[in-house]
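Asker: the following block contains a protein sequence and its predicted model.
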Amino acid sequence: MGENDKYQIRKIEIVDAVAFPLRYQRFGAQNPSLIHHHCLTPTSLNTPAARTNSTKLRANTRRAQHSQPLFTHCLVRLSTREQASSQEAKKQAMATALATVVVALFLAQIASAATLALYNRCGETVWPGIQPSAGKELLARGGLQLAPNRATSIRLPPGWSGRVWGRQGCKFDAAGRGRCATGDCGGTLYCNGAGGAPPATLAEITLASVPTAQDFYDVSLVDGYNIPIVMTPVHGSGAHCVPAGCVSDLNSFCPAGLAVRGGEGNRVVGCRSACAAYGAPQYCCTGRFGSPQQCKPTTYSRLFKSACPKAYSYAYDDPTSILTCSAGASYVVTFCPRHR
């Protein structure tokens, strides 16, 4: 919270020179120790020189005791509760404004092509990575930087398919070389077709190639988890055209054997899949477990599914995780959808 968020200019009525100090104290009766005793004269509110103490103000108001009530503006230090309320209101306003921006992005482009909007609601910068499927067009050079509470949009070619994920804790030089704590794609800002290193939460999509077909999309934890993601269809239709995603913070209760630590304080920054952690066929759905009939949910995949019922928890989690929309839909991928 910035220093400016702790103060607010408020309008206060002055009846007379004697009453003003009392009125001023009553104004801050709930938190008298937090009141900042500086006021501004009504005639020059925006002038720094107008700031004066209550003694000077009493002298000015003494001349107006028999006139109509005088109002002044005081710079008041907000209580701790008021500061928190003010910050929350600002965040809600920001969220509403950015949601409007995302919708506007769609409305500007939806008529001619499907659009993918990326919206970062996290409290820190996210570096989205974009990997096309084999033979599909590379979009936005495969990666970009997205500051907190910012959104961007990318037009999707017909029939495009690929995946999107969020990289965190990245540091790049002027040439775009560096590293990310999670989701790194070979040490570059622009992934250029490379995928993200597990663990990484994935948003996957395959657009319809013809108008009569359907889009298929999902959010997957098969490669592990690093950041909450929700994928929301816009202007699509169908019984299964609903948001997909994982809004829970799996890092906060990731089993020790799956946890990946890094960054400041060596905190948990990602949660690996059991396949990546142990490599056993029953976790990877390989070998004699290479079919839906043989590869069943495990203790680890059940943990993921319990926390994120609208996301893929293991390779054959199709029935409850893959979603469809009518052709022509657009999609919003939101990072940290519950963050305020």
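Answerer: Cool, the structure landed. No experiment lies behind these values; they were computed from the predicted model shown.

Asker: so the closest residue to Ala276 other than its chain neighbours, which of the three states?
Answerer: Excluding the flanking residues, the one nearest Ala276 by Cβ to Cβ, 6 or more residues apart in numbering is Pro198, at 5.1 Å. Heads up, the C-betas are built off the backbone N, CA and C, glycines and all. Following DSSP: H, G, I helix; E, B strand; the rest coil, Pro198 is assigned to coil.

Asker: please report how far Pro198 lies from Glu124.
Answerer: Noted for Pro198: a distance of 21 Å to Glu124, by Cβ to Cβ, to the nearest Å.

Asker: more crowded one of these two?
Answerer: More neighbours surround Pro198 than the other of Pro198 and Glu124, with 21 against 12 (other Cβ atoms under 10 Å).

Asker: residues contacting that one?
Answerer: 223-224, 270, 272-273, 276 (Cβ atoms under 8 Å, 6 or more residues apart in numbering).

Asker: Gln282: helix or strand, and which one exactly?
Answerer: Secondary structure here is read from DSSP states H and E; on that basis Gln282 sits in helix 281-284.

Asker: and the next element down the chain from that helix?
Answerer: Per DSSP H and E, the first helix or strand lying C-terminal to helix 281-284 is helix 299-307.

Asker: buried residues in that next one, which are they?
Answerer: Of all the residues in helix 299-307, those buried under the rule 16 or more other Cβ atoms under 10 Å are 300-301, 303-305, 307.

Asker: show residues contacting the following helix or strand past it.
Answerer: Under the assignment DSSP H and E, the closest C-terminal helix or strand after helix 299-307 is helix 318-321. Contacts to helix 318-321, defined as Cβ under 8 Å, 6+ apart, come from residues 218-220, 244, 292, 305, 309-313.

Asker: next secondary structure after helix 318-321?
Answerer: With DSSP H and E, the next secondary element past helix 318-321 is strand 323-326.

Asker: tell me the one among the contacts of helix 318-321 nearest to Leu250.
Answerer: Set against Leu250, the nearest of these by Cβ to Cβ is Ala311 (9.8 Å).
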